[in-house]
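**Student:** pasted the sequence and its predicted model underneath.
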There are 2 protein chains.
Amino acid sequence: MTTTEANEVSSTNGQGFLKNIAIDAVVFGFHDNQLKVLLIEYKRTGLFALPGGFIRESEDLNVAAMRVVSERTGLEDIYLDQFYVFGDYGRFDPTPLKTIMTANGNKPPEEHWLLKRFISVGYYALVDFTKVSPSPAPIFDSCEWYDLNKMPVLIQDHTQIVHKALDALRTNLDRKLIGFNLLPEEFTLGELQRLYETILDKKLLRPAFQRKMLSLGILERIAKKWTGGAHKAPYLYRFKVQAL
Amino acid sequence: MTTTEANEVSSTNGQGFLKNIAIDAVVFGFHDNQLKVLLIEYKRTGLFALPGGFIRESEDLNVAAMRVVSERTGLEDIYLDQFYVFGDYGRFDPTPLKTIMTANGNKPPEEHWLLKRFISVGYYALVDFTKVSPSPAPIFDSCEWYDLNKMPVLIQDHTQIVHKALDALRTNLDRKLIGFNLLPEEFTLGELQRLYETILDKKLLRPAFQRKMLSLGILERIAKKWTGGAHKAPYLYRFKVQAL
DNA sequence: TTATTATTGTAACATAATGATACAATAATA
DNA sequence: TATTATTGTATCATTATGTTACAATAATAA
């Protein structure tokens, strides 16, 4: 979010944005054999939340989601999936947003648009951890990676949203072959297997995993080989874009 | 929708409902070995559309979807799945709604809330065709079943919504074991197979299909047998509710 | 009453997919 | 040059799925 947008969003009437609809993004990364999630912390409140945003009056929903994630990661062409719409009345809780706005010196009127009920479209994003530059907007304190297993308490129902995103990622992993989006362009089969094992939270058998992955015909073996370990060098692979 | 609700919705300001968000429901039924979809036709316009509705200010999104489908089918406890959110700006087209309102003697002002942009949460419903009593609301001309392959032209992007719902149904059929919701309580394996074949639009081998279904352990064989055909009577089965 | 007909339930085998073990190959280090 | 850790893949076992075959049988017709 640019400074202009932050001001737009902070204005009293929310003009220029659709009412009652928000986007929450669960941005997944993979590093040190662990799944990471991008979280923001609001200034002077100790409140943590998912990156989110609103939809401009003439903007496609999916474009708005891409914009939200681009703004926090500095990336473009991000893999994004809608996974669920969170629309329970019970999730409506203006308290944290009041706290956040008050902490920033804007005591909001009760009828401020940000304190109204929102239905939130949940997206998960899969990004190359090494390419991301997490960047907070002016009203945020920070925007950082957190271990999926060591997340702080999040506002509203954001913790549930993360877990539901993980469920969706797990069920889509084999069906849609999207895991590659979490890795650098070139990777070894070992790295790919450790990614799968981390996401699915279970050990996989190496020969079966390799046989399966290679038989899918979506991997391209690269001439170069891995260097670094005191052992046989694995081949590097690249995801065939034209395969899907 | 009751008469009161229809009036509520027709009022100029849309008070009591969330802005910019709607629900569209693809209600699937199965009859004569064909998939059916419930469509409504608006009075004096020849315009066809999916059943839809809006979310009350204090209503859960999923509850609202259930209400919308209940109102058209007369059923309760309906199997419902969110499958996609349709949020492209391009889908916003006030023309059909203007036509509908004008045909009913309410020439709407340009800023009427129903003529504003809506993002629509798509749900599909699976119902027992034999239990449904399609019932139009006062402002509708009809509410009827149509063959999936013989649908009239629908307003806005509703045709695409139906096709995307069918895609979602196909991918979920095996994963979530939801086909039973389209059949009466008691059914034969032959009927179940014809349902699968219709949804997936391909022939299945009978021995493999039966072996697979029975091995899932979700079917309960009933003592009674089918009567009617000049051939060996098939067993009747019932879906084990406790199985999921 | 008995043969015919259509369809069912399931056995039997063939093929394919997956699970599991084993081992030679080899890049860096000692 | 030997050691070490890890890779690539062959091999076999097990399970799942595809395919053919056939006896069983409820209604109808002879």
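**Tutor:** Great, that's in hand.
**Student:** can you list the domains in chain A?
**Tutor:** A:3-179, A:184-243 (automatic domain parsing).
**Student:** and these, which is most packed in?
**Tutor:** For these, the largest average neighbour count (mean count of other CB atoms under 10 Å in any protein chain shown) is found in domain A:3-179, namely a mean of 18. Backbone N, C-alpha and C define where each C-beta goes, glycine included.
**Student:** near DNA strand D at all, that domain?
**Tutor:** No: shown here: domain A:3-179 not in contact with DNA strand D (CB under 7 Å from any atom of the strand), separated by at least 12.3 Å.
**Student:** tell me which of the domains of chain A lies nearest to DNA strand C.
**Tutor:** Each of the domains of chain A was scored for nearness to DNA strand C using CB to the nearest atom of the strand, and the closest is domain A:184-243 (3.1 Å).
**Student:** show me which residues of chain A sit near chain B.
**Tutor:** Contact residues (CB under 8 Å from any CB of the partner chain) of chain A with chain B: A:18-21, A:55, A:57-62, A:64, A:82, A:84-90, A:117, A:119, A:121, A:171, A:175.
**Student:** from those, which land in strands?
**Tutor:** A:21, A:82, A:84, A:85, A:86, A:119, A:121 (DSSP state E).
**Student:** so which residues on chain A come close to DNA strand C?
**Tutor:** Residues of chain A lying near DNA strand C (CB under 7 Å from any atom of the strand): A:205-208, A:211-212, A:225, A:227-233.
**Student:** out of the residues you listed, which is nearest to residue B:196?
**Tutor:** Closest to residue B:196 out of the residues of chain A next to DNA strand C is residue A:212 (26.2 Å), distances taken as CB to CB.
**Student:** give me the pLDDT for the closest one.
**Tutor:** With respect to pLDDT, residue A:212 scores 97.
**Student:** residue contacts, the residue most central in space within chain A?
**Tutor:** Residue closest to the mean C-alpha point of chain A, counted by CA atoms, centre = their mean, is residue A:27 at 1.0 Å. By CB atoms under 8 Å, 6 or more residues apart in numbering or on different chains, the contact list for residue A:27 reads A:37, A:38, A:51, A:69, A:72, A:73, A:124, A:125, A:127.
**Student:** where does it land on pLDDT?
**Tutor:** Value for residue A:27, per-residue pLDDT: 98.
**Student:** how about residue A:136, what does it touch?
**Tutor:** Per CB under 8 Å, 6+ apart, neighbours of residue A:136: A:40, A:72, A:142, A:143.
**Student:** oh, that last question was meant for residue A:47, not what I typed.
**Tutor:** A:41, A:96, A:99, A:100, A:155.
**Student:** again with residue A:78
**Tutor:** A:66, A:69, A:70, A:125, A:126, A:127.
**Student:** for the last one, give me its contacts.
**Tutor:** When the contact criterion is CB under 8 Å, 6+ apart, the partners of residue A:127 are A:27, A:28, A:29, A:69, A:73, A:75, A:78, A:79, A:181, A:182.
**Student:** mind checking the SS state of the second one?
**Tutor:** Three-state assignment for residue A:28 (DSSP: H, G, I helix; E, B strand; the rest coil): strand.
**Student:** would you point out the helix or strand in chain A whose mean pLDDT is lowest?
**Tutor:** In chain A, no helix or strand scores lower on mean pLDDT, DSSP states H and E than helix A:3-10, which sits at a mean of 47.
**Student:** save the contacts of residue A:27 as TSV, and put in pLDDT, distance to residue B:107 and secondary structure too.
**Tutor:** Formatted as TSV, those follow (pLDDT from 0 to 100; distance: CB to CB, whole Å; DSSP: H, G, I helix; E, B strand; the rest coil):
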residue	pLDDT	distance to residue B:107	secondary structure
A:37	98	51	strand
A:38	98	50	strand
A:51	97	44	coil
A:69	98	43	helix
A:72	96	46	helix
A:73	97	48	helix
A:124	98	45	strand
A:125	98	45	strand
A:127	98	50	coil
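**Student:** redo these as CSV? Include distance to residue B:105.
**Tutor:** Output for these, formatted as CSV (distance: CB to CB, whole Å):
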residue, distance to residue B:105
A:37, 54
A:38, 53
A:51, 48
A:69, 47
A:72, 50
A:73, 52
A:124, 47
A:125, 48
A:127, 54
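**Student:** closest one of those to residue A:164?
**Tutor:** Among the contacts of residue A:27, and counting by CB to CB, the member closest to residue A:164 is residue A:124, at 9.1 Å.
**Student:** who does that closest one bridge with?
**Tutor:** residue A:26, residue A:81 (DSSP bridges).
**Student:** need the contact list for it.
**Tutor:** Contacts of residue A:124 by CB under 8 Å, 6+ apart are A:25, A:26, A:27, A:28, A:80, A:81, A:83, A:165, A:168, A:169.
**Student:** now the strands for chain A?
**Tutor:** A:21-31, A:34-42, A:48-49, A:52-53, A:79-86, A:119-126, A:140-147, A:186-187, A:219-225, A:235-239.
**Student:** please save the CA atoms from the longest one in PDB.
**Tutor:** Output in PDB follows, covering the C-alpha atoms of strand A:21-31 (Å, rounded to 0.1, in the frame of the first residue of the first chain):
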ATOM      1  CA  ILE A  21     -15.800  -6.600   1.500                       C
ATOM      2  CA  ALA A  22     -12.200  -7.100   2.300                       C
ATOM      3  CA  ILE A  23      -9.400  -9.300   1.200                       C
ATOM      4  CA  ASP A  24      -7.100 -11.300   3.500                       C
ATOM      5  CA  ALA A  25      -4.000 -12.800   2.100                       C
ATOM      6  CA  VAL A  26      -2.000 -15.700   3.600                       C
ATOM      7  CA  VAL A  27       1.400 -15.400   1.900                       C
ATOM      8  CA  PHE A  28       3.400 -18.600   2.200                       C
ATOM      9  CA  GLY A  29       7.100 -18.900   1.900                       C
ATOM     10  CA  PHE A  30       9.600 -21.800   2.400                       C
ATOM     11  CA  HIS A  31      12.900 -21.300   4.200                       C
END
